[in-house]
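K.L.:
Coordinates only, no sequence provided:
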């Protein structure tokens, strides 16, 4: 008997990197502050590009940005930015690189105010993941009223590359929302995530 192929959301395709991400991360609730910071920055890095492009560079980003230690990143200076601009393992966009540094500072301020970034960001969904039951990926929204509110508040706090579309992709990425289609084997089981990000947003 042959192996029965798992039914997945269409965007996962046949690529193992994408399938593993879909199966192990996309839509699964995450509450670790470092991971939440990493995903926010990676979603921003994706703006105007494909998520796959970012996913293939994920390990390079971890090495380049001090394993996403916000305290270290917040201290990066112009010399460090110049070094990062020469790093072929990441997306060499000065605005995006500088946004990570600014986001680290804003992230630390949120941690100080709320006790953790997790406590702050999950408050937008009342600390409970939203489980959608769409039948097709075409039904999945690019943004919602919640992502609009999140984007507005993040921007007010000094975060960059956090438009509403990016915020919704982020919500999918950290499991604040489960958008696995109804017949996907991961639907309703709590998955981890990132974005399919159909729209360009910054």
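P.N.:
That came in fine, so what should we check first? If you're wondering where the values come from, they're calculated on a predicted model, not measured in any experiment.

K.L.:
Check which residues of the longest helix seen in the chain are buried.
P.N.:
In the chain, taking DSSP state H as the definition, the longest helix is helix 94-114. Residues of helix 94-114 classed as buried by neighbour count (16 or more other CB atoms under 10 Å): 96-97, 99-101, 103-108, 110-111. Just so you know, the C-beta spots here come from the backbone N, C-alpha and C atoms, and that holds for glycine as well.

K.L.:
what mean pLDDT would you report for stretch 158-166?
P.N.:
Across stretch 158-166, pLDDT averages out at 97.

K.L.:
cool, and stretch 60-79?
P.N.:
98.

K.L.:
first vs last residue of stretch 23-43, how far apart are they?
P.N.:
Length of stretch 23-43, first residue to last, CA to CA, to the nearest Å: 19 Å.

K.L.:
Check stretch 160-167 too.
P.N.:
So stretch 160-167: terminal residues 11 Å apart, CA to CA.

K.L.:
and of the buried residues of helix 94-114, the nearest to residue 129?
P.N.:
residue 110 (20.2 Å; CB to CB).

K.L.:
so that closest one touches residue 104, yeah?
P.N.:
No - look at residue 110 against residue 104 with CB atoms under 8 Å: they stay out of range, at 10.8 Å.

K.L.:
Quick one: residues in contact with the longest helix of the chain.
P.N.:
33, 37, 40-41, 44-45, 47, 65, 70-71, 73-74, 76, 81, 84-85, 90, 117, 120, 154, 157-161 (CB atoms under 8 Å, 6 or more residues apart in numbering).

K.L.:
try 7 Å this time
P.N.:
33, 37, 40-41, 44-45, 65, 70-71, 73-74, 76, 81, 84-85, 117, 120, 157-161 (CB atoms under 7 Å, 6 or more residues apart in numbering).

K.L.:
what about burial for the residues you listed, which qualify?
P.N.:
Applying 16+ other CB under 10 Å to the contacts of helix 94-114 flags 33, 37, 40-41, 44-45, 65, 70, 73-74, 76, 84, 117, 120, 157, 159-161 as buried.

K.L.:
Mark which of those are part of helices, please.
P.N.:
33, 37, 40, 41, 44, 45, 70, 73, 84, 117, 120.

K.L.:
and those residues as JSON lines, adding distance to residue 9?
P.N.:
What follows is those, written out as JSON lines (distance: CB to CB, whole Å):
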{"residue": "33", "distance to residue 9": "27"}
{"residue": "37", "distance to residue 9": "25"}
{"residue": "40", "distance to residue 9": "22"}
{"residue": "41", "distance to residue 9": "24"}
{"residue": "44", "distance to residue 9": "23"}
{"residue": "45", "distance to residue 9": "22"}
{"residue": "70", "distance to residue 9": "31"}
{"residue": "73", "distance to residue 9": "32"}
{"residue": "84", "distance to residue 9": "33"}
{"residue": "117", "distance to residue 9": "27"}
{"residue": "120", "distance to residue 9": "28"}
